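In: Got a predicted structure here, sequence first:
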Amino acid sequence: MASDFFASNVEKVLISEEQLQATVTRLAGEIEQTYGDSGRPLLLIGVLKGSIVFLADLMRALHLPLMIDFVQASSYGAGTVSSGTVHLRLDLKQKDLSEVDVLVVEDILDSGNTLSFLLDYLRSKGANSVRLCVLLNKPARRITEVPIDFEGLKIPDEFVVGYGLDFDERFRNLPFIGVPKREIYENC
């Protein structure tokens, strides 16, 4: 009874499945306008694990030649608060970025620490261009300013799960963005 689990653990739906799909379609159009005539391959770099659902939907909506790769970096330990120290846990498979345009695809921009680190790191690898696409922007939590090239939706300062976002590896498979009940995450 998956719906019973969701109903008993999610306080409210913040962004519906339909709103998410409309946002992905809009972002794909903006990305195609930017890269459509570049003549270079587009490399989508997903930030694991949270971006995987968004990345999968976005790449299917894009009508451009593209490649994908992944990195895993985090400034979070256990719980819901950033430590401020970024750790790169998985590096790119593709080492030479000089012939590609890089688009980092991330589920949420929160403190900005992790994405600032990643963007600087990818620029140091010599990519032709490095841009950022975020599904959710939570400006109230920003510590480090990060320029967003393609922004999905601004959200309030609430803890969110679903559509790839998790709490303790749970809730990633929700088809919407929801706010879990406080008792789920409050004591972590």
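Out: Structure received.
In: Can you point out the buried residues in stretch 126-136?
Out: Buried residues in stretch 126-136, counted by 16 or more other C-beta atoms under 10 Å: 127, 129, 130, 131, 132, 133, 134, 135, 136. (Glycine included, C-beta is placed from N, CA and C.)
In: Oops, could you answer that again for stretch 159-166 instead?
Out: Residues of stretch 159-166 classed as buried: 159, 160, 161, 162, 163, 164, 165 (neighbour count, 16+ other C-beta under 10 Å).
In: Identify the residues contacting it?
Out: Stretch 159-166 has contacts (C-beta atoms under 8 Å, 6 or more residues apart in numbering) with 10, 14-15, 20, 49-54, 80, 107-108, 135-136, 167, 170-180, 185.
In: In which helix or strand does residue 122 reside?
Out: helix 113-124 (DSSP states H and E).
In: Let me see the mean pLDDT of that helix.
Out: Throughout helix 113-124, pLDDT has a mean value of 89.
In: which of the buried residues of stretch 159-166 lies closest to residue 43?
Out: Nearest to residue 43, judged by C-beta to C-beta, of the buried residues of stretch 159-166 is residue 164 at 19.7 Å.
In: residues contacting residue 144?
Out: Contacts of residue 144 by C-beta under 8 Å, 6+ apart are 111, 112, 113, 116.
In: Taking those residues, please make a ChimeraX selection of just the buried ones.
Out: Typed into ChimeraX, the line below selects the buried ones among these, using 16+ other C-beta under 10 Å:
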select :111,112,113,116
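In: after the one helix or strand in the chain whose mean pLDDT sits lowest, next one along is what?
Out: Using mean pLDDT, DSSP states H and E, strand 82-90 stands out as the lowest-scoring helix or strand of the chain, at a mean of 61. The helix or strand immediately downstream of strand 82-90 is strand 101-109, counting by DSSP H and E.
In: what is the mean pLDDT for that next one?
Out: Strand 101-109 shows a mean pLDDT of 96.
In: CA atoms only for the longest strand seen in the chain - export them in CSV, please.
Out: Looking across the chain with DSSP state E, the single longest strand is strand 66-76. Only the C-alpha atoms of strand 66-76 are listed here, as CSV (Å, rounded to 0.1, in the frame of the first residue of the first chain):
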residue,chain,number,x,y,z
LEU,A,66,23.8,14.9,-25.8
MET,A,67,25.9,12.7,-23.5
ILE,A,68,25.5,12.1,-19.8
ASP,A,69,27.8,11.6,-16.9
PHE,A,70,27.6,11.8,-13.2
VAL,A,71,29.3,13.2,-10.1
GLN,A,72,28.5,12.7,-6.5
ALA,A,73,29.4,15.4,-4.1
SER,A,74,27.8,16.4,-0.8
SER,A,75,28.1,18.9,2.0
TYR,A,76,25.5,17.0,4.0
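In: Alright, I will stop here.
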